[in-house]
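Student: no FASTA, just this:
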């Protein structure tokens with residue numbers, strides 16, 4: 001099993017995308033990339049913690065490659081939007097790839113270069129070392145799936 005961590009705006013949306021991928025064993029949504037210990041949803045929404053809403057993906061590399069997960073990530077967002085995705089605005093909604101090892105870092109950088117060729121605007125997605133991941137409150141886990149919803153872009157968050 002390996003871990004991959006991605007921030008792509010609303011964590012409900014990106015978690016749902018990864019849960020559909022064969023080879024993804026589990027997901028959990030939470031907060032990472034900031035300086036505040038044990039943040040909660042209200043803390044992160046304040047914009048003062050530095051954390052991004054993110055999804056941590058446990059996957060079987062024999063069934064799905066990290067490169068395939070990167071493709072899911074890129075298809076889940078507009079990487080040229082700084083600190084926002086759709087109606088969600090704030091640094092907690094920034095896009096980022098949090099790599100767990102040197103191979104992931106290299107693959108993430110190569111995928112960003114490939115993606116940039118598709119856009120006229122500069123991609124603002126961060127690539128940075130994975131930091132401590134703080135699991136979000138239980139009601140956020142598999143939020144869309146539990147409610148039979150397809151998207152979080154209806155002002156629900």
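Tutor: That came in fine, so what should we check first? The model shown is predicted, which means the values in this text are computed figures rather than measured ones.

Student: So which residues of this protein form strands?
Tutor: With DSSP state E applied, the chain shows strands at 2-8, 24-32, 52-59, 84-85, 88-89, 95-99, 126-129, 134-135, listed in chain order.

Student: could I get the ones you listed as a markdown table with distance to residue 15?
Tutor: In short, each C-beta sits where N, CA and C put it, glycine included. Below are the strands of the chain laid out as a markdown table (distance: least, Cβ to Cβ, whole Å):
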| stretch | distance to residue 15 |
| --- | --- |
| strand 2-8 | 9 |
| strand 24-32 | 5 |
| strand 52-59 | 4 |
| strand 84-85 | 14 |
| strand 88-89 | 14 |
| strand 95-99 | 15 |
| strand 126-129 | 19 |
| strand 134-135 | 12 |
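
Student: Point out where this structure drops to low pLDDT.
Tutor: By pLDDT under 70, the low-scoring segments of the chain are 137-157.

Student: Give me the outermost residue of it relative to its centroid.
Tutor: Distance from the C-alpha centroid of the chain, by Cα atoms, centre = their mean, peaks at residue 120 (22.8 Å).

Student: By residue count, what's the longest helix in this structure?
Tutor: Among all segments of the chain classified by DSSP state H, the helix with the greatest residue count is helix 102-116.

Student: gap between it and the chain center?
Tutor: Taking Cα atoms, centre = their mean, to the nearest Å, one finds helix 102-116 lying 15 Å from the centre of the chain it belongs to.

Student: and it, what other elements does it pack with?
Tutor: In terms of contacts (3 or more Cβ pairs under 8 Å, 6 or more residues apart in numbering; DSSP states H and E), helix 102-116 is packed against helix 66-75, strand 95-99, strand 126-129.

Student: 10 Å instead, please
Tutor: Using 3 or more Cβ pairs under 10 Å, 6 or more residues apart in numbering; DSSP states H and E as the contact criterion, the elements in contact with helix 102-116 are strand 2-8, helix 66-75, strand 95-99, strand 126-129.

Student: Any chance of those in JSON lines with mean neighbour count and distance to residue 109 as columns?
Tutor: Shown next, in JSON lines, are the helices and strands packed on helix 102-116 (neighbours: other Cβ atoms under 10 Å; distance: least, Cβ to Cβ, whole Å):
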{"stretch": "strand 2-8", "mean neighbour count": "23", "distance to residue 109": "15"}
{"stretch": "helix 66-75", "mean neighbour count": "18", "distance to residue 109": "10"}
{"stretch": "strand 95-99", "mean neighbour count": "24", "distance to residue 109": "9"}
{"stretch": "strand 126-129", "mean neighbour count": "14", "distance to residue 109": "6"}
